[in-house]
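**Student:** the sequence and its predicted three-dimensional model are supplied below.
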Protein chains: 6
Amino acid sequence: MRPNPLLDSIRSRQVAVGVWLSTPSSVTAEVAGRVGFDYACVDMQHGLIDYSDAVPMLQALTLGGATPTVRVPWNEPGIIGKVLDAGAMAVIVPMVNTAEDAAAAMASGKYAPQGSRSSGPIRVAPVEGPEYADVANDHVQIIPMVETVEAVSNIDAILTTPGVEAIYVGPADLAVSMGLKRGTDDPSFFENLAHIVAKCEEHGVTPGIHCFPHTIEGQLDRGFRMVTAQSDLGAMTAALTGVLSHARGESIDADNSSGY
Amino acid sequence: MRPNPLLDSIRSRQVAVGVWLSTPSSVTAEVAGRVGFDYACVDMQHGLIDYSDAVPMLQALTLGGATPTVRVPWNEPGIIGKVLDAGAMAVIVPMVNTAEDAAAAMASGKYAPQGSRSSGPIRVAPVEGPEYADVANDHVQIIPMVETVEAVSNIDAILTTPGVEAIYVGPADLAVSMGLKRGTDDPSFFENLAHIVAKCEEHGVTPGIHCFPHTIEGQLDRGFRMVTAQSDLGAMTAALTGVLSHARGESIDADNSSGY
Amino acid sequence: MRPNPLLDSIRSRQVAVGVWLSTPSSVTAEVAGRVGFDYACVDMQHGLIDYSDAVPMLQALTLGGATPTVRVPWNEPGIIGKVLDAGAMAVIVPMVNTAEDAAAAMASGKYAPQGSRSSGPIRVAPVEGPEYADVANDHVQIIPMVETVEAVSNIDAILTTPGVEAIYVGPADLAVSMGLKRGTDDPSFFENLAHIVAKCEEHGVTPGIHCFPHTIEGQLDRGFRMVTAQSDLGAMTAALTGVLSHARGESIDADNSSGY
Amino acid sequence: MRPNPLLDSIRSRQVAVGVWLSTPSSVTAEVAGRVGFDYACVDMQHGLIDYSDAVPMLQALTLGGATPTVRVPWNEPGIIGKVLDAGAMAVIVPMVNTAEDAAAAMASGKYAPQGSRSSGPIRVAPVEGPEYADVANDHVQIIPMVETVEAVSNIDAILTTPGVEAIYVGPADLAVSMGLKRGTDDPSFFENLAHIVAKCEEHGVTPGIHCFPHTIEGQLDRGFRMVTAQSDLGAMTAALTGVLSHARGESIDADNSSGY
Amino acid sequence: MRPNPLLDSIRSRQVAVGVWLSTPSSVTAEVAGRVGFDYACVDMQHGLIDYSDAVPMLQALTLGGATPTVRVPWNEPGIIGKVLDAGAMAVIVPMVNTAEDAAAAMASGKYAPQGSRSSGPIRVAPVEGPEYADVANDHVQIIPMVETVEAVSNIDAILTTPGVEAIYVGPADLAVSMGLKRGTDDPSFFENLAHIVAKCEEHGVTPGIHCFPHTIEGQLDRGFRMVTAQSDLGAMTAALTGVLSHARGESIDADNSSGY
Amino acid sequence: MRPNPLLDSIRSRQVAVGVWLSTPSSVTAEVAGRVGFDYACVDMQHGLIDYSDAVPMLQALTLGGATPTVRVPWNEPGIIGKVLDAGAMAVIVPMVNTAEDAAAAMASGKYAPQGSRSSGPIRVAPVEGPEYADVANDHVQIIPMVETVEAVSNIDAILTTPGVEAIYVGPADLAVSMGLKRGTDDPSFFENLAHIVAKCEEHGVTPGIHCFPHTIEGQLDRGFRMVTAQSDLGAMTAALTGVLSHARGESIDADNSSGY
């Protein structure tokens, strides 16, 4: 098996820093994948990416060192199986709100007897090596997203679902689900984050969260150990905005990481 | 927010005329989108179009004035969320046969607390403007298709599902579901259409229907106020057939809008 | 309707030999489709193929004589309808484990009253001919995969589901589901295959199975009558490996049909 | 060899009517190719089409009866060879202004000893049949465009260049080259057209010309025998404009075939 | 005609700041195009972009305010015409070393009588407006690259070629051509730049140059008035490198704008 | 710099065995690239491949060990520069018939002062390493095709053009150019091959040739040291034809390497 920094971080309780890919391009994937992140996540949910875009992106990610990761559009066995066969070693599954949701996600990503993933690792086996079929159930990370109040209320059941080694918080959805605005700084929101981290520690699960450049430090302080630092489009926009202002001789607002 | 002729028509009880896109091409989308229709619908169900085709088509539709609309392949939250994030301001959802189906469609398209759409309006927010997150639940139209006898039998429940402001009739499926042929002129079929329009009026919902050039007048007379006039491929085929016959000096059958 | 060798084989109880397409390319599809197989299956489950790739592949397959066939990623009505509209005359549906699964697959592929397929045969009707709408329910083959111990335990119910004329065994998944290795030669595995064939004969259903070049003879002897002989990538790899060794003056291991 | 209506028309001095393809899509190509035209021309010069788009379009055109034709972007051997290998049986070459230009175009499209086309008919030979290599030099039509005053002044030399059996007039470029407007009705323009036709007749060459629906009759009367009737986008736009006006209850200007 | 900031800058002798697009994606093009630059250049020479990628990129650029610009791979009439028809309002032409090269570039981009561009503005005319054909020769900017010692030696002839209103310096190629390294700070290099600027001023031509964020200030000081500030990939890489180091608690080298 | 088996073979006078890629797919490229060949050539001349297809293919080839090689459509500086920037370490240039042709090909592929390649190694430099700019002129192989009688008559001049370290014979074109059939076994043809090999030995240039599985042994015996063994499509067709016959119980004609 190839090096897998995300898996190593999860197993060794180290921090994993990731990059988010929203652009349907093998070019941006190769470039971002070479920067040095621990994982690179092809976002098929909110990114502008479908499976036919994801295949050459996963090929391009194999050229770099980051763990090839995919966020699927929804908790469905068809697409989870497809991205694993195409090369993903970790799959982030949105909207896992109950123990049943978590068990379904795990079943989609693990071969029998742990699950019901269908056998056909067409690209991932040649890439990862002949031992893939034997170790896939142990190595592949199926990572539920905890991003609603319902999920928080079921947090123990989700975290103790067999196979769960990491979860990933979607802060925007969690805020909206709590009746707050995206980007809120309401104390109840941060209490929920702290609660999730504490529960993860209790159950030996790695807490992950989606960040922006200006939120990453706080989330690391809060105890998250799988942090996505920035997206391809967010990075490009921030840097282009900065250099344009520089060229025009303006002062700029340094952080425009939101938006696209 | 950008101009939204379909929304304006629905809210003002005016007629909206639309064009149907079955070709997976940003070129045909741009051209059709400039003709002057109120909405342009990317058909991901029966059109030869998938999400990776739909993204540049939605970009191209932004260049014209028609409301960017998508018919999704099925009533599933993953794809409904994806097309909304990519720029659709209206989503037509096939095979909504029960109140539960209608509620599920609405949930997929509305943020909490009205629904469970996940937050990540990656393209639509920059395009529509900074107020998008605040007004999306009000502006985005999730339009159930009423196209089976089961749906007609549940018409009150569907029309009164919170969030339903328009429905869209699929006449071919409705006919088949009634045991009739596509293109039927059986009186029971037209009675069903009249019944649907009457129920829409009763509940203040805009009745929409899929048309061909030769059926649009009748459907307008029947009271439908959201009418798709023609598809890209139907238009091209009709015009090419006509000009070929003209070139060969033949008389032609003017309407061959069926088929592709 | 165009010639349909797979349908003819099923109806006449002759052997159908097929080719498997894992490459998202209309070029490989056209070339493989011209070789002379009875069916050519676009594998959207484990192949690296999505719907937007499948459309030009189905166009290319129309150029050859093999029945255009698609394996869908999962037992879902949206994608089953889409591939049928785009030209598939047979659909292989994975992981059909119960009578309910089988009935759902049939419903997705048949128009009312036999099922609930939505009407819109945008490409398949022009290709197959004006009688398509009338004969589709009779001609289109929806072929459940029998590939788990659960499916074997429900074999009578699956085989007697109205509309089932052929089933397709996935030997790798069946082995894994039995707690065995892929490629097993455990006697209990072959007993299960024999049991499936016997049940198919009992119910007048064609037994199909996924093969490799070195397994096809055994499966024909076992009574399977729909056999996939090889994949595009497997064929290419085997031949390239052979010719490279030949060029280097080495002796080679003739069969490396597994892998990609 | 497959049927070749354009070649038959040229050799038998009959009128060939063609359709123009400006959209980079195998879907529009298949649909337009089935309408019944004698040739279908993939326009790589002014159409929004590159070679990677043209390959699946040529595959799709093989499904219909029209002679697969390509207009290349410029008079260059690389692209002329590529489109011939991919399946074109006729190539329209823009801006052939001199005998040298005409000879270069012929050389690019004919094998030695008539020319210097490189051997590698990767798709066209399997499609057209095993005799392709033997008959290609005779069957393949390389059609120079006559579209400048310089070309008209060299018309005898162009028409007598070995291999030239048809030429194709670009009326917009010819008008501009004469210092007139596109769509001019200046008598000198029509005199030039008549002169070209007369010279073609003198040298036994088929005169072709790019038309619109409203110009085709006049050009046939003028003696042109290879007439392109309409484009995919022009047809679509005209029909959609008409049906929209009809739906809005407006009277319309029937011909808007110009533009896109 | 739509707003054209690059043209306005050239005509008014103001500074135009541009962004460079090396990624074959309509998504990055739309995002970069909205940032606020005066022009956005699709780089078909060194970027990983071909014409079929450029079409949806030009559609996406129409959504923003920057002048749609293309650098073609080489000084060839076919591709210059194609990108103009698809929507480019400015074309940067590499390796213009002589007056003949400059005249050829101008001819490729201007209609008769100024040049020999073929008429067929399939997308650009609908986008820019009905007056396009009349004003194209005046508005379209064909911008020669001055990037070799040979070009510098012919600078007067190039700058006085009719139609030249701006030139664009490629500093890497100019350095290599001088026998220096890319990124050189040899005084002779800067003397050449100053010489080019002075000659531009003498002939009333806008001097442009390719920059990086750290060179833009110097080039503006030197008198260049058309400056490309950064590329999509350079921006993304710089920002991702910075945020990764930040996340890992490292200090970083702020400018890594070179590379990809 | 990454390992470069083709360069090593040329410099060490060992045999290099290659694979030919005619399919526009990153999937077949990755699979073929892993088989173990010394070079893998993306054929943009006769293969069905354009630059936008070649980019993800070159990314995929980076995953294997074979030297990424491209045959360009024609001897033109634009496309030679583009494929080098995208990752090719060797470029095969068709129809090099004179010393001038050879010098032009070399100029297109080498930076000043050896040539006039433009600087912008956007993908190849990050892939190959920071020393790329310094060593490119030495490492990059520009390989002229010798495939006409004219080229044979100029063989000394071609082989002694500075930069030529290997040439590549196209046997089909050479035969046609000699007035013979493709696949000829005329003695004069083999005499020409022997003459080319002898001249290569005299000038210290590696002789290469395009082979089929049944011709490779003879060409190695004849002294060629760069031999392409088979293509992706040829391999797939041969293996599929064999396995189909095997499945049908037929004997087969083992070699059908011609065609596609």
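**Tutor:** Great, that's in hand.

**Student:** now the residue nearest to A:W20 when sequence neighbours are not counted: how far from B:P56?
**Tutor:** Leaving out its chain neighbours, the residue that sits closest to A:W20 by CB to CB, 6 or more residues apart in numbering or on different chains is A:S231, at 3.9 Å. Every C-beta, even on glycine, is put in place using the N, C-alpha and C of the backbone. From A:S231 across to B:P56, the span is 20 Å (CB to CB, to the nearest Å).

**Student:** re the thing from before, what are the phi and psi angles of the residue nearest to A:W20?
**Tutor:** A:S231 adopts backbone torsions of phi -110, psi 160, taken as degrees, to the nearest 10.

**Student:** that one and A:L21 touch, don't they?
**Tutor:** Yes - counting by CB atoms under 8 Å, A:L21 is a contact partner of A:S231 at 7.1 Å.

**Student:** re the thing from before, so what's the residue nearest to A:W20 scoring on pLDDT?
**Tutor:** pLDDT for A:S231: 98.

**Student:** what ranges do the helices span in chain A?
**Tutor:** Per DSSP state H, chain A carries helices over the ranges A:5-12, A:26-33, A:51-62, A:77-86, A:99-109, A:124-128, A:132-139, A:149-153, A:155-159, A:171-177, A:187-203, A:216-221, A:232-248.

**Student:** reformat these as JSON lines; add mean neighbour count.
**Tutor:** Converted to JSON lines, the helices of chain A look like this (neighbours: other CB atoms under 10 Å in any protein chain shown):
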{"stretch": "helix A:5-12", "mean neighbour count": "18"}
{"stretch": "helix A:26-33", "mean neighbour count": "28"}
{"stretch": "helix A:51-62", "mean neighbour count": "27"}
{"stretch": "helix A:77-86", "mean neighbour count": "25"}
{"stretch": "helix A:99-109", "mean neighbour count": "22"}
{"stretch": "helix A:124-128", "mean neighbour count": "21"}
{"stretch": "helix A:132-139", "mean neighbour count": "15"}
{"stretch": "helix A:149-153", "mean neighbour count": "17"}
{"stretch": "helix A:155-159", "mean neighbour count": "19"}
{"stretch": "helix A:171-177", "mean neighbour count": "23"}
{"stretch": "helix A:187-203", "mean neighbour count": "16"}
{"stretch": "helix A:216-221", "mean neighbour count": "16"}
{"stretch": "helix A:232-248", "mean neighbour count": "24"}
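
**Student:** now those helices as a markdown table including distance to chain F?
**Tutor:** Output for these, formatted as a markdown table (distance: least, CB to the nearest CB, whole Å):
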| stretch | distance to chain F |
| --- | --- |
| helix A:5-12 | 18 |
| helix A:26-33 | 5 |
| helix A:51-62 | 4 |
| helix A:77-86 | 10 |
| helix A:99-109 | 23 |
| helix A:124-128 | 6 |
| helix A:132-139 | 15 |
| helix A:149-153 | 37 |
| helix A:155-159 | 36 |
| helix A:171-177 | 32 |
| helix A:187-203 | 35 |
| helix A:216-221 | 26 |
| helix A:232-248 | 16 |
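
**Student:** closest one to F:G47 among the ones you listed?
**Tutor:** Closest to F:G47 of the helices of chain A is helix A:51-62 (CB to CB; 18.1 Å).

**Student:** near chain E, anything from that closest one?
**Tutor:** No - applying CB under 8 Å from any CB of the partner chain, one finds helix A:51-62 out of contact with chain E, separated by at least 9.6 Å.

**Student:** show me how far that helix is from its chain's centre.
**Tutor:** Offset of helix A:51-62 from its chain centre (CA atoms, centre = their mean, to the nearest Å): 16 Å.

**Student:** next, the angle helix A:77-86 makes with it.
**Tutor:** 30 degrees (axes from the mean of the first three to the mean of the last three CA atoms, to 10 degrees).

**Student:** what mean pLDDT does helix A:51-62 have?
**Tutor:** On average, helix A:51-62 scores 98.

**Student:** now stretch A:141-157
**Tutor:** For stretch A:141-157, the per-residue pLDDT averages 98.

**Student:** list the contacts for A:K181?
**Tutor:** Counting by CB atoms under 8 Å, 6 or more residues apart in numbering or on different chains, A:K181 touches A:A175.

**Student:** how about the residues of chain A near chain E?
**Tutor:** So chain A meets chain E at A:17, A:19, A:22-25, A:27-28, A:31-32, A:35-37, A:48, A:213, A:216-217, A:220, A:227, A:229-230, A:232-241, A:243-244, A:246-248, A:260 (CB under 8 Å from any CB).

**Student:** what parts of chain A come near chain B?
**Tutor:** Going by CB under 8 Å from any CB, the residues of chain A near chain B are A:22, A:24, A:45-50, A:52-53, A:72-74, A:76, A:79, A:94-95, A:147-148, A:170, A:172-173, A:176-177, A:179, A:182, A:233, A:259-260.

**Student:** tell me how far the closest residue to chain C within the stretch 101-250 of chain A lies from A:A133.
**Tutor:** Nearest to chain C in the stretch 101-250 of chain A, going by CB to the nearest CB, is A:G120, at a distance of 2.9 Å. For A:G120, the distance to A:A133 (CB to CB) stands at 10 Å.
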